[in-house]
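**Student:** Give me a model of this one.
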Amino acid sequence: MIRSMTGFSSATGSLSPHSWAWELRAVNGKGLDLRLRVPDWIDGLEAGLRKLLAAQVTRGNVTLSLRLARDEQAGALQINEAQLTSVLDAMAVIEARAMAAGVSLAPATSSDIVALRGVLEQSTSEDDAAPLAKALLAEAEALIADFNAMRDSEGAALHKVLMGQLEEVATLTAEAALLAEARSGTLAETLRRNLAKVMDNTDGADADRVAQELALIAVKSDVTEEIDRLAAHVEAARDLIGQGGPVGRKLDFLMQEFNREANTLCAKAQNTDLTRCGLALKAVIDQMREQVQNVE
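**Tutor:** Numbering: from 1, shown residues only. I've put the predicted structure just below:
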């Protein structure tokens, strides 16, 4: 099945003390352009993400964003040993001086000491980036899978539209073949009549040379090859779409060939009905080209 280049996916996750939010989106592009906005302090994360994306996406402008936050309240409480020692030493000095001055002090409790500034504080251990990177890369695989599921769904819709348009091109091509065949008798009679007029009004003209020129005109007005190539292009496009995978570039090239043959058909038509059919072909082919621009 063919796949669309456009898609979107988002996800959230956490690994204490971190939480994060992902956004992955893609739009049409001639090649593959990966733009990652991720924290640069997590070793191996960007390289790992690029590898995952490159294995799953072949065309499109792809943007992956990761917003990472740290919960500053997640650290454990711990006693600042140096500050506690300073507080106890200060208390001993104060009590000694109070006793020397004959002042009686109420005994201090542990809760009184813990309440003093700096004795009890939040731990601020350094982050270990390795487990975080592993968790993020694992979650990125699911994110990309959701992203591809959306692109597959759009690709199924594209498949249906393109196959319908190809059927319309095949019908118009068959109609053009019938019109060209019906035109052949009229065209031959027109050429004979023109030849007679030329010979009647041109003294000393080389009849063979005139006949050659008219024959050349007849060849130039023959659209058999254009019709045959259009039919062949329809089958080639059907095969590519049925083959699936990243066939967007090949389909885009094939659309150029379709357009070239339709243009030539119109230029050679010399017949109102055949011209109308050629213009209808050009309209459908133009619609197909727009849809093919979305195919990966």
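**Student:** and the spatially closest residue to residue 37 that is not a sequence neighbour, what are its bridge partners?
**Tutor:** Nearest residue to residue 37 in three dimensions, chain neighbours excluded: residue 65, at 4.5 Å (CB to CB, 6 or more residues apart in numbering). C-beta: built from backbone N, CA, C; applies to glycine. When bridges are assigned using DSSP bridges, the partners listed for residue 65 are residue 23, residue 37.
**Student:** Domain ranges for this protein, per the record?
**Tutor:** By the record's domain assignment, the chain is partitioned as 7-73+128-151, 77-122, 153-292 (automatic domain parsing).
**Student:** Not counting sequence-adjacent ones, nearest residue to residue 28?
**Tutor:** Nearest residue to residue 28 in three dimensions, chain neighbours excluded: residue 5, at 5.0 Å (CB to CB, 6+ apart).
**Student:** Return the residues in contact with residue 263.
**Tutor:** Each residue near residue 263 by CB atoms under 8 Å, 6 or more residues apart in numbering is listed here: residue 282.
**Student:** Sorry, slip of the keys, the one I care about is residue 23.
**Tutor:** When contacts are taken as CB under 8 Å, 6+ apart, residue 23 is in contact with 8, 9, 10, 63, 64, 65.
**Student:** Do a quick rundown of the helices in the stretch 51-200 of the chain.
**Tutor:** Chain-ordered helices for the stretch 51-200 of the chain, with DSSP state H, counting those that start in this stretch as the definition, fall at 81-100, 110-114, 129-201.
**Student:** Quickly, which of these bottoms out on average pLDDT?
**Tutor:** Mean pLDDT values for the helices of the stretch 51-200 of the chain show the minimum at helix 110-114, a mean of 78.
**Student:** check which helix or strand covers residue 255.
**Tutor:** With secondary structure defined by DSSP states H and E, residue 255 is part of helix 248-268.
**Student:** One more: residue 276?
**Tutor:** Element membership of residue 276, judged by DSSP H and E, is helix 272-292.
**Student:** mind listing what's buried in that helix?
**Tutor:** 274-275, 277-278, 280-282, 284-285, 288-289, 291-292 (16 or more other CB atoms under 10 Å).
**Student:** Same check on stretch 105-121?
**Tutor:** Along stretch 105-121, the positions that meet the burial threshold by neighbour count (16+ other CB under 10 Å) are residue 119.
**Student:** Please apply the same query to stretch 245-263.
**Tutor:** Residues 247, 248, 251, 254, 255, 257, 258, 259, 261, 262 are the ones in stretch 245-263 that count as buried (16+ other CB under 10 Å).
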